[in-house]
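A.B. asks: Mind folding the following:
(one chain, ligands or ions: 1)
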Amino acid sequence: MLRAMRSNTGEQWIKQRIARYGPVSKLSLFGAPTVFVTGPAANKLVFSSDALAPKQPRCLPLILGRRNILELVGDDYRRVRGAMMQFLKPDSLRRYVGAIDAEVARHLDAEWAGRRRVTVLPLMKLLTFDIIATLLFGLDRGAVRRELADAFADMLEGMWSVPLDLPFTAFRRSLRASKRARRVLEATLKEKRDKLERGESSPADDLLSCLASLRDEGSGRRLLTDEEIVDNAMVVLVAGHDTSSVLMTFMMRHLVGDPATLATMVQEHDEIAKNKAEGEALTWEDLHNMRFTWRVALETLRLIPPIFGSFRRALEDIEFDGYLIPKGWQVFWASSVTHMDPGIFPEPDKFDPSRFETQAPPYSFVAFGGGQRLCAGIEFARVETLVTMHHLVRRFRWRLCSKANTFVRDPMPSPLHGLPIELQHKDQHDLT
Ligand code: HEM
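C.D. replies: Below you'll find the model as predicted:
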C-alpha cells in the first residue's frame, strides 16, 4: 500500500482491493490484523462508535508525547479537546484574522515579491509554520523560533519511520529533534506562565497562554498539566503545518489549468478589496464573503485529501455490515473511495466547486474526519487558507515550470519537485 501511495496509485490500490474483496476486508497492515472499511456507513461507524478508540503508529506517542490528544480517551480526551477549542473555536479565532493577514502579507513580501520563480510547497510550509509560531505559540521571530523550526524539520524526517531507537536510524534522529523542540516549547510555556502571573500578558494572546491560564471550575486547579500543554502544542504543529500547506499548494496547482475558476475567485476577492482602504487588514466578516474560494478549497480537499485515512482500534467485538470486527483489531478508514463515489459526487473526476453549494450527505465528505474527533483546526485552516488565497490572487499570476503535473504521497501528497512556478506580479503584463 505504501509503495502504491508513493507512486500515486494509492486510490487504485484501494479500488482494486474493493473490486476483489468488497467494501469490508481484512488484511495485515504494519504487522497488525486490520479491517479495511470505506463508504459513508463505515465512516459513521469510525467517527461515532464508542467501541473504537484512536490508534496511531507506535512512533507517534514517542515523538509527540504520551499525553497528546490523539492518544487520549474518555474524560481526559474531553478535557484536553475542550481546552484546545477555547482558543480554536470560531468565536475566538475571529479576533486573529488581522494578525493572520499581517503574517501572510509579510511572508509574501519577504519570499514571493520580486521573484520570477518560486517553489510553492516549501514556501507554504514556511508560511503555515510562521502562522502557528506567531498565533498559537506567541513566539516572535528570532533565535528561539529558528531553533524550533530546525528541530521541527529534523523531527518530521523520521516521524513515520519504524520506531527503532538505534544509532543512525531516522527514528533516533527524530526522537532527539523532538526533545529539542519540546525544550523550546517548555521554556516558552514557562515564560508565558510567568508573564500571566505578573499580569503582563493575557490568556487571549496565544494558544499557550490560553491553555496555561485555564482552571478547573470545581477545584480551581490548573486544567492541563505542563506536559499536556507541550504534547498538544506538538500535535498542533504537526497536524496544522503539513495539512494546510498541502491544501494551498494544490489549490494553486489546480488554478493554473482552470481559468474559469480563477476568474470567479479573482472577482470575489476584488469585490472584497474594493471596499477596503489600501493595506487595510481583512476581517472575519470579509471571510464570509469568500464563499466561492472556500468551495474551491473543499473541492480540492475532496480530490486530494491531505490525510489519506487513519486508524482506530476495536475496544470490543463490533458487528458491521454483516461482519464481525474482533476486539483488539485495528480498523483503517480511507476517504478517497467515498470522495470518488459517483452516487454521492456525480462525475467525481470533474473539479466542480458548485457541489459544495449544498452540504454533502452525512459522512460523505471526510477530509477533516468527523464525529467528536473532527479536526480541531478546521476554522484555523479556513482562515489561513482564505486569507492567503486572497493575497495570492490579488497580487500574482503563475504558471507551472514543469509540464509533468504528477504528485506522490509520502504520506502527505506532494506535487512533483514541490511545484516550482513562474510568477508574475499582477501589476506587470498578464501571463498568457
Ligand atoms: C486543510 C487542513 C487540515 C486537514 C485536511 C485536517 C485533517 C484532519 C483529519 C482528517 C483529522 C481526523 C483524523 C482522525 O479522525 O483520525 C484531524 C484531526 C485533528 N486536526 Fe486537523 N486538519 C487540517 C488542519 C488542521 C490545523 C490547522 C490544526 C491546528 C491548528 C489541526 C489540528 C487537528 C487536531 C488537534 C486534530 C485531532 C482532533 C481530535 O482527535 O479531537 N488540523 N485533522
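A.B. asks: Need the three-state assignment for W160.
C.D. replies: At W160 the chain is in coil, as set by DSSP: H, G, I helix; E, B strand; the rest coil.
A.B. asks: Identify the spatial nearest neighbour of it, chain neighbours not counted.
C.D. replies: Excluding the flanking residues, the one nearest W160 by CB to CB, 6 or more residues apart in numbering is P411, at 6.2 Å. (Glycine included, C-beta is placed from N, CA and C.)
A.B. asks: And for R382?
C.D. replies: Nearest residue to R382, sequence neighbours excluded (CB to CB, 6+ apart): W294, at 6.5 Å.
A.B. asks: quick one: contacts of the helix or strand where the one you found lies?
C.D. replies: Using DSSP states H and E, W294 maps to helix 291-303. Applying CB atoms under 8 Å, 6 or more residues apart in numbering, the contact partners of helix 291-303 are 247, 250-251, 254-255, 261, 264-265, 268-269, 339, 345, 351-357, 365, 367-368, 382, 385-386, 389-390.
A.B. asks: Identify each buried residue in it, please.
C.D. replies: Within helix 291-303, the residues that count as buried by 16 or more other CB atoms under 10 Å are F292, T293, W294, R295, V296, A297, L298, E299, T300, L301, R302, L303.
A.B. asks: Tell me how far the second one lies from the ligand.
C.D. replies: The reference is to T293. Taking CB to the nearest ligand atom, to the nearest Å as the measure, T293 falls 14 Å from the ligand.
A.B. asks: How about the fourth one?
C.D. replies: Computed as CB to the nearest ligand atom, the R295 to the ligand distance reads 14 Å.
A.B. asks: Counting neighbours, which of the contacts of helix 291-303 end up buried?
C.D. replies: Among the contacts of helix 291-303, those scoring as buried are 247, 250-251, 254-255, 261, 264-265, 268-269, 339, 345, 353, 355-356, 365, 367-368, 382, 385-386, 389-390 (criterion: 16+ other CB under 10 Å).
A.B. asks: Return the residues in contact with the nearest residue to S49 once chain neighbours are set aside.
C.D. replies: Of all residues not flanking S49 in the chain, I318 sits nearest, at 6.8 Å (CB to CB, 6+ apart). Under the criterion of CB under 8 Å, 6+ apart, the contact list for I318 reads L45, S49, A51, L52, L324, I325.
A.B. asks: sorry, back to before: got the confidence number for the residue nearest to R382?
C.D. replies: Here, the pLDDT recorded for W294 equals 98.
A.B. asks: tell me the contacts of the residue in the chain positioned nearest to the ligand?
C.D. replies: Per CB to the nearest ligand atom, G377 is where the chain lies closest to the ligand, at 2.0 Å. G377 sits next to L88, V236, A239, G240, T243, S244 when contact means CB under 8 Å, 6+ apart.
A.B. asks: before we move on, what about D231?
C.D. replies: D231 makes contacts with L64, G65, R66, R67, N68, as judged by CB under 8 Å, 6+ apart.
A.B. asks: Over to S336?
C.D. replies: S336 neighbours (CB under 8 Å, 6+ apart): G10, E11, I14, P305, F308, G309.
A.B. asks: do that again at 7 Å, thanks
C.D. replies: Each residue near S336 by CB atoms under 7 Å, 6 or more residues apart in numbering is listed here: E11, I14, P305.
A.B. asks: Produce a PyMOL select command limited to the buried residues of the residues you listed.
C.D. replies: Filtering the contacts of S336 down to the buried ones (16+ other CB under 10 Å) takes a single PyMOL command:
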select buried, resi 11+14+305
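A.B. asks: Can you give me the separation between the closest residue to H417 other than its chain neighbours and L126?
C.D. replies: Leaving aside its sequence neighbours, H417 sits nearest to S402 (CB to CB, 6+ apart; 6.6 Å). Look at S402 and L126: by CB to CB, to the nearest Å, they are 21 Å apart.
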